[in-house]
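*Asks:* Provided below for reference: sequence and predicted model.
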Amino acid sequence: MADTTKKSFNPFRFFGEVRQEGRKVTWTTWRETLITTVMVFIMVMFAAVFFLAVDFTISGGIQLLLGFFG
């Protein structure tokens, strides 16, 4: 059967471990963050233009079919 004993919670130990883990984090520089943000915006714009073109193409095709058969 599984061990069901509950360990006591020590907030000082918890926050000490959080600080320890926080020191291991490698933070990006402002330049890296800016470049990544700009690249994300560029990719979003490419995706928006692509889906706009696909939407117009499918819409035009459906209108052509409905006009042809309707």
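*Replies:* Cool, got the structure. Numbering: from 1, shown residues only.

*Asks:* gap between residue 16 and residue 10?
*Replies:* From residue 16 across to residue 10, the span is 9 Å (Cβ to Cβ, to the nearest Å). For the C-beta atoms, the positions are set from N, CA and C on the backbone; glycine is no exception.

*Asks:* Just want the phi and psi numbers for residue 7.
*Replies:* Phi and psi for residue 7, reported as degrees, to the nearest 10, are phi -80, psi 150.

*Asks:* Residue 29 too?
*Replies:* phi -80, psi 170.

*Asks:* ok, it to residue 36 distance?
*Replies:* Distance from residue 29 to residue 36, by Cβ to Cβ: 11 Å.

*Asks:* Comparing these two, which shows the higher neighbour count?
*Replies:* Neighbours were counted for residue 29 and for residue 36 using other Cβ atoms under 10 Å; residue 36 has more, 11 against 8.

*Asks:* Give me the next element, helix or strand, following the lowest-mean-pLDDT helix or strand in the chain.
*Replies:* Scoring the helices and strands of the chain by mean pLDDT, DSSP states H and E places helix 11-24 at the bottom, with a mean of 93. Using DSSP states H and E, the next helix or strand after helix 11-24 towards the C-terminus is helix 30-69.
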